[in-house]
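>>> Here is my input; please provide its structure:
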Amino acid sequence: MATDRIVGIDLGTTNSLVAFMQGESPVVIPGDDGLNLVPSVVALDEKNQPVIGNAARKYLTETPERAVYSIKRLMGRGIDDIQEELKFFPFRLAEDLQPGEVLRIKLGEKTFTPPEISALILRQLKRNAERFFGAPVTKAVITVPAYFNDAQRQATKDAGRIAGLEVLRLVNEPTAASLAYGLDKKQNGIIAVYDLGGGTFDVSILKLHDGIFEVIATNGDTHLGGDDIDNLLITIALDDTLGDLGLDLRHNDLRRNAEAVQAIRKAVIEAKIALSSQPSVKLDVELPGGKRYLREITREQFEQLIQPIIDRTVSPCKQALKDAGLKPEQIDEVVLVGGSTRIPKVRALVKELFHREPHIDLNPDEVVALGAAVQANILGGGSEATENMLLLDVTPLSLGIEVAGGVTDKIILRNSTIPASATQHYTTQIDGQANVAIHVLQGERELAKDCRSLARFDLKGIPAMAAGMARIEVKFLIDANGILHVSAREQRSGKESEIQVQPSYGLTDEQVEGMILDSFDSAEEDFRQRQLIEARNETATILAALDKGKKNPAWGHLTTDEKKKIAKMEKALAAVNGEDDYQAIRKAIDALNQGTTRLAELMMDSAVTSALKGKTMEEADMGEGPTAPHPMAKAEFE
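Residues are numbered from 1 along each chain as shown. Purely as a prediction, here's the structure:
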């Protein structure tokens with residue numbers, strides 16, 4: 001039925017599109033102006049009615065205080081995250097914003113959150129589709145950058161809901177592009193998708209085999225795109241106006257000179273596009289006071305300027321290849337996504353990285369929306385073209401919990417195929433411990449303080465039992481949208497607690513995009529710190545056990561010489577435990593373990609004799625279970 005039709009949507013930083021499967025091929029639905037691309041620009045007209053797309057562009061230069069663009073850069077972010085953005089984007093924030101609060105953008109006298117502004121764009125795409133079909137459209141697949149975190153993904157789903165759309169699936173943009181490519185080419189092989197959009201960069205390595213699209217590695221930068229090139233050119237122009245004309249149009253005067261800045265922005269974007277096909281271009285912008293800004297830029301100058309920006313895509317590409325266990329020569333095809341990949345210098349860089357000419361047959365502005373339409377068709381039951389297609393995506397960052405000493409225990413590793421599920425077992429350290437705090441983390445670092453905190457919840461009501469006897473099962477589940485669900489259950493009593501990880505809109509993108517790079521840069525130091533923490537935890541455990549042993553009758557069976565040697569080793573371990581020398585602590589632990597072997601044997605003999613005295617084996621109580629090294633230590637169960 002038409003009412004059940006599912007569309008695919010590319011909600012982009014610069015432009016947005018809606019597409020559907022027409023017969024055997026995906027096609028983009030044009031807007032009422034006949035154009036496929038809907039600029040991601042929202043404005044309020046004189047009657048405070050929203051204007052979206054091409055019609056809103058004029059407001060950027062005429063009344064910029066009533067218009068906003070590149071809102072995708074603010075999705076799922078907080079006030080502390082966007083200070084750099086404010087230097088280049090004329091976002092007018094509500095004056096009463098508090099840290100951690102959802103951002104609110106002023107358009108005229110009204111305020112909107114980023115999901116609300118994105119919803120206006122989605123609503124326009126929804127109207128375009130309904131006009132095309134002549135029937136309501138209520139379901140959609142929406143694409144997101146592969147490196148979008150939980151808050152950004154949830155904000156995108158919220159935008160869909162506000163727009164009146166049931167978001168059936170969030171699909172990573174490079175993965176969507178591969179679906180369009182795979183349907184077009186109908187061949188097997190390994191492809192790399194290089195996606196340089198308006199505000200984000202992603203790279204994914206996929207294996208195509210008999211209709212199965214398996215993502216084997218992904219990487220990226222959520223703060224890199226064509227906007228950065230635009231902002232670089234705008235900065236140069238603003239510096240020129242200050243140095244040559246004495247006009248300060250920079251961010252300190254941005255609101256007062258917003259019209260002039262937007263006129264410069266429009267001119268540099270047109271110049272950037274023109275330089276992909278022309279050797280040079282002239283900028284001619286009218287400035288306040290009747291002055292004009294004139295500058296000629298050659299392609300050679302342009303390429304020199306943008307080289308540092310596009311070079312930032314190299315490291316994620318190399319890391320994705322490394323994670324996939326592949327060399328560039330093993331990539332069969334490279335697919336380009338995003339308008340910025342039209343820049344000749346970018347294409348040359350891609351060729352150098354992957355040792356082959358990139359595939360340029362598909363329109364880089366449309367390929368993500370086309371892939372979303374393919375996925376929408378699969379979810380809707382499929383057609384002859386898609387009935388045998390299967391998409392296997394991955395999670396870009398590892399997920400785990402904090403254990404004692406501030407260490408990260410990873411439960412689902414990055415580049416795991418989603419949906420994904422994993423279980424880990426833990427126990428308690430303290431006798432009678434009734435509650436366990438679960439701290440959910442995302443990232444690659446060894447220490448919890450260096451990872452992104454996603455959620456905290458408590459498992460309460462654990463029955464009183466000896467330390468180490470509780471069996472706590474922590475289960476992680478990532479759904480097909482990349483949204484995380486966590487549950488904890490004490491297996492003996494059946495006590496259970498669970499949470500769907502809800503985002504904090506005050507997330508820092510820089511922390512997310514830098515997690516993997518930081519994990520490599522800091523790997524040696526992180527591992528050293530983890531070794532120290534675990535060794536100190538073990539020291540605390542063995543010293544506590546020794547104190548307990550001294551009160552046991554078995555202690556009296558040791559010779560005076562044995563007791564002196566144990567005391568000496570105990571003192572040595574306590575002395576080195578405060579130092580940062582893991583090897584010394586480890587050596588002292590091993591020495592004390594070996595030195596107390598006879599004490600342990602005597603204690604065991606005493607415990608067994610006491611337990612069995614006058615009882616059968618079935619009746620015997622063997623005493624407390626082993627003491628765990630920390631409150632959330634791993635336990636092995638059969």
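
>>> Give me the residue ranges of the stretch 151-300 of the chain where confidence is low.
Scanning the stretch 151-300 of the chain with the threshold set as pLDDT under 70 gives 183-187, 243-257.

>>> residue ranges for the strands of it, please.
All strands of the stretch 151-300 of the chain, identified by DSSP state E, counting those that start in this stretch, fall at 166-172, 189-196, 201-209, 212-221, 280-286, 292-298.

>>> Now tell me what touches the fifth one from outside.
Counting by CB atoms under 8 Å, 6 or more residues apart in numbering, strand 280-286 makes contact with 237, 260, 263-264, 267-268, 270-271, 274-275, 292-299, all of which sit outside it. Every residue, glycine included, has its C-beta placed from N, CA and C.

>>> tell me, what residue is most central in the protein?
N149 (3.2 Å; CA atoms, centre = their mean).

>>> ok so, going back, give the PyMOL command for selecting the buried subset of the contacts of strand 280-286.
Of the contacts of strand 280-286, the buried ones go into a single PyMOL selection, burial set by 16 or more other CB atoms under 10 Å:
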select buried, resi 237+260+263+264+267+268+271+275+293+295+297+299
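
>>> quick one on the thing from earlier: from L397, how far out is the residue nearest to the centre of the chain?
8 Å (CB to CB, to the nearest Å).

>>> Now stretch 531-550 - C-alpha only, CSV.
Backbone C-alpha positions of stretch 531-550 (Å, rounded to 0.1, in the frame of the first residue of the first chain) are rendered in CSV as follows:
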residue,chain,number,x,y,z
GLN,A,531,49.2,-2.7,35.0
LEU,A,532,50.0,-0.6,38.1
ILE,A,533,46.3,-0.3,39.1
GLU,A,534,45.8,-4.1,38.7
ALA,A,535,49.0,-4.9,40.6
ARG,A,536,48.0,-2.5,43.4
ASN,A,537,44.5,-4.1,43.6
GLU,A,538,46.2,-7.5,43.8
THR,A,539,48.5,-6.2,46.5
ALA,A,540,45.6,-5.0,48.6
THR,A,541,43.9,-8.4,48.2
ILE,A,542,47.0,-10.5,49.2
LEU,A,543,47.8,-8.3,52.2
ALA,A,544,44.2,-8.4,53.4
ALA,A,545,44.3,-12.2,53.0
LEU,A,546,47.6,-12.4,55.0
ASP,A,547,46.1,-10.4,57.9
LYS,A,548,43.2,-12.8,57.9
GLY,A,549,45.6,-15.7,57.8
LYS,A,550,47.5,-14.5,60.9
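
>>> list the buried ones in that stretch?
532-543, 545-546, 549.

>>> cool, stretch 136-148 as well?
Buried-residue list, stretch 136-148, by 16+ other CB under 10 Å: V137, K139, A140, V141, I142, T143, V144, P145, A146, Y147, F148.

>>> if I look at the fifth one, how far off is G339?
Just to be clear, that refers to I142. In terms of CB to CB, I142 sits 19 Å off from G339.

>>> Same question for I82.
Distance from I82 to G339, by CB to CB: 23 Å.

>>> Compare these two (neighbour count), which wins?
G339 (22 against 18; other CB atoms under 10 Å).

>>> That one contacts G226, correct?
Yes - applying CB atoms under 8 Å, one finds G339 in contact with G226, separated by 6.2 Å.

>>> Now do the contacts for F91.
F91 neighbours (CB under 8 Å, 6+ apart): V68, L74, I82, E85, I105.

>>> how close does T14 sit to G76?
Distance from T14 to G76, by CB to CB: 18 Å.

>>> These two - which one has more neighbours?
Set T14 next to G76 and count neighbours by other CB under 10 Å: G76 wins out with 28 against 23.

>>> my read: the more buried one touches Q154, true?
Yes - contact criterion CB under 8 Å: G76 and Q154 qualify, at 6.8 Å.

>>> ok so, going back, so which of the strands of the stretch 151-300 of the chain gets nearest G556?
strand 212-221 (61.5 Å; CB to CB).

>>> now the closest one against strand 166-172, angle please.
Inter-element angle recorded for strand 212-221 and strand 166-172: 70 degrees (by axes from the mean of the first three to the mean of the last three CA atoms, to 10 degrees).

>>> Show me the helices in the stretch 401-550 of the chain, by range?
509-513, 515-521, 523-550 (DSSP state H, counting those that start in this stretch).

>>> same question for the longest one, mean pLDDT?
Right, helix 523-550. For helix 523-550, mean pLDDT is 79.

>>> Run through the neighbouring helices and strands of the helix or strand just after it.
Later in the chain than helix 523-550, the nearest helix or strand by DSSP states H and E is helix 560-576. Applying 3 or more CB pairs under 8 Å, 6 or more residues apart in numbering; DSSP states H and E, one finds that helix 560-576 contacts helix 523-550, helix 582-595, helix 597-612.

>>> Now helix 560-576: buried residues?
Buried-residue list, helix 560-576, by 16+ other CB under 10 Å: K565, I566, M569, E570, L573, V576.

>>> Which pair in these has the greatest spatial separation?
K565 and V576 (17.0 Å).

>>> which of the contacts of F91 are buried?
Counted by 16+ other CB under 10 Å, the contacts of F91 give V68, L74, I82, E85, I105 as buried.

>>> Show the contacting residues for the closest residue to the third one other than its chain neighbours.
With CB to CB, 6 or more residues apart in numbering as the criterion, I82 has its nearest non-adjacent residue at 6.2 Å, and that residue is L74. For L74, the contacting residues are I82, E85, F91, L103, I105, P114, taking CB under 8 Å, 6+ apart as the criterion.

>>> quick one, helices of the stretch 51-200 of the chain?
Under DSSP H, counting those that start in this stretch, the stretch 51-200 of the chain gives helices at 54-62, 114-133, 150-162, 173-185.

>>> hey, which helix or strand in the protein has the poorest pLDDT?
helix 509-513 (a mean of 40; mean pLDDT, DSSP states H and E).

>>> Mind putting the contacts of L74 into TSV with distance to K475 and pLDDT?
Conversion of the contacts of L74 to TSV gives the following (distance: CB to CB, whole Å; pLDDT from 0 to 100):
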residue	distance to K475	pLDDT
I82	35	78
E85	38	72
F91	40	76
L103	33	87
I105	39	89
P114	32	91
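
>>> Let me have those residues in CSV, extended by distance to E130.
Putting the contacts of L74 into CSV (distance: CB to CB, whole Å) gives the following:
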residue, distance to E130
I82, 34
E85, 34
F91, 31
L103, 30
I105, 27
P114, 24
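
>>> Looking at those residues, which are in strands?
I105 (DSSP state E).

>>> Now do stretch 175-184: everything it contacts.
So stretch 175-184 is in contact with 8, 10, 25-26, 143, 146, 191, 193, 195, 204, 206, 208, 211, 213, 215, 333, 335, 337, 359, 361-362, 367-372, 374-375, 385-386, 389, 391, 393, going by CB under 8 Å, 6+ apart.

>>> tell me which residues form a beta bridge with D458?
A437 (DSSP bridges).

>>> Run through the residues that contact it.
Per CB under 8 Å, 6+ apart, neighbours of D458: N435, V436, A437, I438, S497.

>>> Quick check: nearest residue in space to the last one, chain neighbours excluded?
If I follow you right, that is S497. Nearest non-adjacent residue to S497 (CB to CB, 6+ apart): L459, at 4.7 Å.

>>> Just give me the neighbour total for that neighbour.
23.

>>> got it, and the one 4 residues further on?
The local packing of P463 (other CB under 10 Å) involves 13 other residues.

>>> and if you look at G289?
9.

>>> repeat for V193
The burial count for V193: 30, using other CB under 10 Å.

>>> Check G31 too.
23.

>>> next one: R445
Other residues close to R445 by other CB under 10 Å number 22.

>>> This structure - how does it break down into domains?
2-224+312-394, 226-308, 395-508, 523-612 (automatic domain parsing).

>>> Point out the most buried one among those domains.
domain 2-224+312-394 (a mean of 21; mean count of other CB atoms under 10 Å).

>>> how far away is E24 from A369?
17 Å.

>>> actually A554, sorry about that
74 Å.

>>> One more: I162?
20 Å.

>>> Could you measure from P115 over to K565?
68 Å.

>>> My guess is A217 contacts A324. True?
Yes - contact criterion CB under 8 Å: A217 and A324 qualify, at 3.9 Å.
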